[in-house]
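Student: here you go, sequence then predicted model.
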Amino acid sequence: MTTDPVGHPYFVPRLELPSGGVDFLGLRQANLDLMATCLPGINNVTRFLRPFALLSWVHWKYHQLALAAGQQTGSSGELHAFLERAEILFTWGHKLNNLQGIPGLDASAPTASSEGIELSFKAWKRIYASTGLMAALWYGPGSKSPDGLGFLEPVAAGLFRACGQGVTMAEALEARIRERRAAQILGLKGTRAQEADAKELFEAWSVDSVTQAEKDAFRAALYGERWITERSGRGKRSATLALILDVLAWARTPLTAPEIRRAMATRRRTGLPALAVRQELHEARMRWIVLQVRQLQRLALEGLFAWTEGWLVRARDRGLEQLGQAAATALRSGVSPVDTDRSVQQLMSGRFVDLPDIETAFEVAEDRPDLCVFRTIESLASALKAPTDAVVRTCFDALLLCGHVAELMCRDPFAGSSLRCGSHLRISLQTWVEILRRSRSSSCRDLLVFVIENLVLSQHFSVATSRYDGQTQRLRIALEEDGLVALVKKPWQPNITRDRLETALRLMAECGMIVRSGGDKYRRA
């Protein structure tokens with residue numbers, strides 16, 4: 001092999017790396033961990049009961065077929081192929097009937113032959129790890145034991161079978177499927193089907209046709225009053241769901257998800273006496289409050305990151321000093337400017353009265369929107385849709401509010417582990433409280449500059465470089481010889497991470513624990 005030598009300097013092509021990611025400060029995992037302590041076993045996309053029943057049926061039916069064929073345990077490859085066939089038919093029927101909310105609906109049917117269409121993810125150009133029901137993003141984790149709802153248990157590597165309430169759901173669904181002529185396709189050898197087959201099976205397993213037996217079995221796995229004092233996943237989930245049930249009973253009228261979310265934390269609603277939370281649900285409520293405060297803290301830090309990106313896109317001077325000056329100027333502007341020379345202690349003392357506990361704080365916040373975590377989340381999320389320099393003040397105020405509420409929660413022994421979630425690497429609420437304690441005598445300007453330099457920029461550099469895999473570039477800001485440089489043309493627009501409440505409410509309504517009223521409201525059954 002020979003190469004032509006280059007005898008003169010030249011410019012190499014610009015290195016272009018695809019940019020991706022949604023978590024540029026590395027804060028997301030702590031939020032997800034907190035969600036998993038409040039509502040383990042479900043996620044933000046497990047909206048329907050029927051996919052859980054379908055997965056239970058697939059793993060139950062496969063072993064029935066394998067035993068009938070003389071196999072003792074079956075094989076993971078054969079099970080996987082059976083699962084793909086069932087799932088393609090399931091998704092295909094829902095696509096033909098214009099029902100949304102399940103994975104794989106974007107896939108187009110391959111060209112049909114006289115024998116029909118092949119029932120495999122490869123033929124449909126689907127990726128099992130991202131659009132399969134068993135994928136980590138979808139219903140797989142929630143279906144399994146011991147961390148999910150316990151419908152499936154492992155037999156061998158890649159091989160599961162239905163167990164517990166999963167068997168009950170599978171048998172109930174089998175009674176519907178076997179009545180259809182197209183059920184004969186769902187054997188160990190079937191590989192192709194017609195559109196008519198998908199339509200016929202849709203009548204048996206549509207997400208809108210769940211049987212009472214499936215509902216009862218799912219409810220028995222989702223919630224148990226006897227479990228609420230357990231330290232297990234089902235115990236934590238049941239305690240949170242019990243708190244939801246108590247809120248709906250207390251409210252007497254249907255509530256929306258945002259109203260339920262807020263009442264679970266504050267115990268308050270206009271025109272009603274404060275909700276009396278049962279002692280056995282106190283820890284679940286503390287976990288829920290910490291999650292909501294963490295949601296605001298993450299959004300505020302990401303908001304400052306987005307503002308920094310926007311400033312770098314527009315700015316000519318890109319040094320850290322100029323960035324600090326711009327941030328301080330933004331803090332001093334607006335309808336209620338902050339005196340950036342005042343100490344953090346002076347600002348917080350003027351804004352937050354000396355409160356003895358979190359309950360008093362929530363009571364005061366009823367008449368003070370600026371002290372309400374939920375109203376602040378709404379204001380900040382709205383401001384970040386079209387950010388201006390005013391968003392700096394909103395983010396700064398939000399961080400002070402987070403510190404104030406978290407400081408009060410430090411006095412509750414049941415909040416400690418949740419406050420520490422994320423540790424210093426992901427800037428836990430406990431870490432933020434400690435930073436604020438050390439910064440009391442510092443000026444507001446110095447605190448703001450510290451946050452931007454250390455909790456935003458340095459945090460981003462660390463996270464982006466540690467996660468670089470040689471392909472996807474997660475670095476959005478770089479520090480070069482002439483200062484900071486934005487590697488993007490458009491600032492990021494962060495948004496709040498859903499906390500699984502909407503999913504929980506949907507599932508509770510599907511299995512009959514509560515009633516969905518008017519589309520977006522819920523009441524006790």
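Tutor: Received, thanks.
Student: can you tell me the closest non-neighbouring residue to Gly190?
Tutor: Arg85 (6.3 Å; C-beta to C-beta, 6 or more residues apart in numbering). Glycine gets a C-beta too; all of them are placed from N, C-alpha and C.
Student: surely the one you found meets Ala182?
Tutor: No - the pair Arg85 and Ala182 fails to qualify as a contact (C-beta atoms under 8 Å) at a distance of 11.6 Å.
Student: what is the host helix or strand of the residue nearest to Gly190 packed up against?
Tutor: For Arg85, the element it lies in under DSSP states H and E is helix 76-96. Judged by 3 or more C-beta pairs under 8 Å, 6 or more residues apart in numbering; DSSP states H and E, the packing partners of helix 76-96 are helix 50-68, strand 159-162, helix 195-205.
Student: quick one on the thing from earlier: list the contacts for the residue nearest to Gly190?
Tutor: Listed by C-beta atoms under 8 Å, 6 or more residues apart in numbering, the contact partners of Arg85 are Leu119, Ser120, Ile185, Leu186, Gly190, Thr191.
Student: out of these, who's nearest Val290?
Tutor: When those are compared for distance to Val290 (C-beta to C-beta), Ser120 wins out at 45.0 Å.
Student: the closest one and Thr191 touch, don't they?
Tutor: Yes - assessed by C-beta under 8 Å, Ser120 is found in contact with Thr191 at 7.4 Å.
Student: returning to what we had before: quick check: buried residues in the helix holding Arg85?
Tutor: For helix 76-96, the neighbour count (16 or more other C-beta atoms under 10 Å) marks 78-95 as buried.
Student: then stretch 261-279?
Tutor: Arg261, Arg262, Ala263, Met264, Ala265, Thr266, Arg267, Arg268, Arg269, Leu275, Val277.
Student: where does the prediction get shaky in the protein?
Tutor: For the chain, the stretches flagged by pLDDT under 70 are 1-6, 10, 12-20, 470-471.
Student: got the domain boundaries for it?
Tutor: According to automatic domain parsing, the chain comprises the domains 50-209, 220-277+500-524, 281-486.
Student: out of those domains, flag the one nearest Asn44.
Tutor: Across these, Asn44 has its closest neighbour in domain 220-277+500-524 (5.7 Å, C-beta to C-beta).
Student: how far does the top helix by length along the chain sit from its chain's centre?
Tutor: Criterion DSSP state H: the longest helix present in the chain is helix 282-314. Centre-to-centre, helix 282-314 and its host chain are 14 Å apart (C-alpha atoms, centre = their mean, to the nearest Å).
Student: tell me which helix or strand comes right after that helix.
Tutor: Using DSSP H and E, the first helix or strand after helix 282-314 is helix 320-332.
Student: between helix 282-314 and that following helix, find me the angle.
Tutor: With axes from the mean of the first three to the mean of the last three C-alpha atoms, to 10 degrees defining the directions, helix 320-332 sits at 120 degrees from helix 282-314.
Student: summarise which helices and strands helix 320-332 is packed against.
Tutor: helix 282-314, helix 390-409, helix 444-450, strand 483-486.
Student: what are the buried residues along the following helix or strand past it?
Tutor: The helix or strand immediately downstream of helix 320-332 is helix 344-351, counting by DSSP H and E. For helix 344-351, the neighbour count (16+ other C-beta under 10 Å) marks Val344, Leu347, Met348 as buried.
Student: what about the residue lying closest to the last one once chain neighbours are set aside, how many neighbours?
Tutor: Among residues not flanking Met348 along the chain, Leu400 sits closest, at 6.1 Å (C-beta to C-beta, 6+ apart). The local packing of Leu400 (other C-beta atoms under 10 Å) involves 19 other residues.
Student: and Leu400, what does it touch?
Tutor: Leu400 touches Val344, Leu347, Met348, Arg351, Phe352, Leu436, counting by C-beta under 8 Å, 6+ apart.
Student: if I look at the residue lying closest to the fifth one once chain neighbours are set aside, how far off is Ser349?
Tutor: So that's Phe352. Spatial nearest neighbour of Phe352, excluding adjacent residues (C-beta to C-beta, 6+ apart): His404 at 4.9 Å. Going from His404 to Ser349 by C-beta to C-beta, to the nearest Å gives 11 Å.
Student: for the nearest residue to Ser145 once chain neighbours are set aside, phi and psi?
Tutor: Counting by C-beta to C-beta, 6+ apart, Ser145 lies nearest to Glu153, which is 5.1 Å off, once chain neighbours are set aside. Main-chain torsions, Glu153, degrees, to the nearest 10: phi -130, psi 150.
Student: what's the neighbour count on Glu153?
Tutor: If you count neighbours by other C-beta under 10 Å, Glu153 ends up with 15.
Student: same question for Ala135.
Tutor: Neighbours around Ala135, by other C-beta under 10 Å: 16.
Student: so the closest residue in space to it that isn't next to it in sequence is in which element?
Tutor: Nearest non-adjacent residue to Ala135, counting by C-beta to C-beta, 6+ apart: Ala129, 5.5 Å away. Using DSSP H and E, Ala129 sits within helix 128-131.
Student: give the next helix or strand downstream of that helix.
Tutor: Counting by DSSP H and E, the next helix or strand C-terminal to helix 128-131 is helix 140-143.
Student: and stretch 397-414, how far from the chain's centre?
Tutor: How far stretch 397-414 lies from its chain's middle: 22 Å, per C-alpha atoms, centre = their mean.
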